[in-house]
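> Here is my input; please provide its structure:
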Amino acid sequence: MKASNTQPFMELDRLSVTYGETPAVWDVSLQIPGGSLTAIVGPNGAGKSTLLKASLGLIPRVGGQVRYFGQPLARVRQRVGYVPQRSEVDWDFPAHALDVVEMGLYGQLGWFRRPGARERARALECLSRVNMQDFAGRQISQLSGGQQQRVFLARALAQEADLTLMDEPFAGVDATTERAILDVLRELRDQGRSVVVVHHDLDTVREYFDRVILLNRELVAAGPVASTFTPQNLQAAYGAGRLLDGRLPAWT
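Numbers count the residues shown, from 1 in each chain. Next up is the predicted model:
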């Protein structure tokens, strides 16, 4: 299904999550438009990963609504992709890189139909787009952290989702891998798709992203980077004198 930029790809309406009696994310409302790269930034414990997981129904929410392309997730699940943090993946699972990428095709195949020659070719093409075609037969446990992240990005590409949610894809990867991931994300954006990324490096937000969500359990601000990623909003999100090592990003 071709992506459309006229309708929000994702809408959160007063989404709230608690851990016990402690609010983790509270009363967050925002929209993600089509054809955009969006960063979610905020201090440790701000609820960034929780926001993604709750929006996908991976953890329960205590309030609020989530819609994708104007529909509940169950109706458009194939149009929404998710790349979790590397630390949440069982890398000892006996699978090769190509197997992992083919998992992105199960939504199109159905769980009881095995991938054929066409699907294998598609998976190899996606591995090639992230420069991992030479590792198709390698066990994922034998790959470096950056290589594992590229494989999971290739799986998301195979799904051909219109919206992809990624939890810290740049964490712990080398500069070459980071640039390769960014090139693919920009390609998706230019095709009219959207990507939402939990991100920690404030110094690269302006270079990498079109839009930004500033979060500290509650929504501080959300919108285009140029008008939203300001010193005032950063201080509101991180607290005066507590931003990173006590400094603002280099561009401020």
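
> which regions of the stretch 151-252 of the chain lie under the pLDDT threshold?
Across the stretch 151-252 of the chain, the ranges flagged by pLDDT under 70 are 240-252.

> quick one: the strands in it?
163-167, 194-198, 211-216, 218-224 (DSSP state E, counting those that start in this stretch).

> Parallel or antiparallel, list what pairs with the second one.
Neighbouring strands of strand 194-198 in its sheet, by DSSP bridges, are strand 37-41 (parallel), strand 163-167 (parallel).

> cool, the third one as well?
Counting by DSSP bridges, the strands paired with strand 211-216 are strand 37-41 (parallel), strand 218-224 (antiparallel).

> any idea how far the residue positioned nearest the centre of the chain is from residue 86?
In the chain, the residue lying closest to the centroid (CA atoms, centre = their mean) is residue 166, at 1.6 Å. From residue 166 across to residue 86, the span is 11 Å (CB to CB, to the nearest Å). In this view, the C-beta of every residue, glycine as well, is placed from N, C-alpha and C.

> What of residue 40?
Between residue 40 and residue 86 the distance is 17 Å, computed by CB to CB.

> In terms of neighbours, single out the busier of the two.
Neighbour count, other CB atoms under 10 Å: between residue 40 and residue 86, residue 40 has more, with 27 against 18.

> Can you tell me who that one pairs with across the strands?
Residue 40 has the following beta-bridge partners by DSSP bridges: residue 198, residue 213.

> Surely it touches residue 216?
No - applying CB atoms under 8 Å as the test, residue 40 and residue 216 come out as separate, 11.2 Å apart.

> Just the helices from the stretch 101-250 of the chain, written as ranges.
For the stretch 101-250 of the chain, applying DSSP state H, counting those that start in this stretch gives helices covering 106-109, 117-129, 145-159, 175-190, 205-208, 225-228, 231-238.

> which of these sits most buried?
Neighbour counts (mean count of other CB atoms under 10 Å) averaged over each of the helices of the stretch 101-250 of the chain peak at helix 145-159, with a mean of 23.

> by how many degrees do it and helix 117-129 diverge?
Interaxial angle, helix 145-159 versus helix 117-129 (axes from the mean of the first three to the mean of the last three CA atoms, to 10 degrees): 140 degrees.

> Helix 145-159 vs helix 175-190, what angle?
Helix 145-159 and helix 175-190 are oriented at 20 degrees to each other (the same axes, to 10 degrees).

> For helix 145-159, output the C-alpha coordinates as CSV.
Output in CSV follows, covering the C-alpha atoms of helix 145-159 (Å, rounded to 0.1, in the frame of the first residue of the first chain):
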residue,chain,number,x,y,z
GLY,A,145,27.1,-5.3,17.4
GLY,A,146,27.0,-3.0,14.4
GLN,A,147,26.5,-6.0,12.0
GLN,A,148,23.7,-7.3,14.1
GLN,A,149,22.0,-3.9,14.0
ARG,A,150,22.3,-3.8,10.2
VAL,A,151,20.7,-7.2,9.9
PHE,A,152,17.7,-6.0,12.0
LEU,A,153,17.5,-2.9,9.8
ALA,A,154,17.5,-5.2,6.7
ARG,A,155,14.6,-7.2,8.3
ALA,A,156,12.6,-3.9,8.7
LEU,A,157,13.4,-3.1,5.0
ALA,A,158,12.1,-6.6,4.0
GLN,A,159,8.8,-5.8,5.7
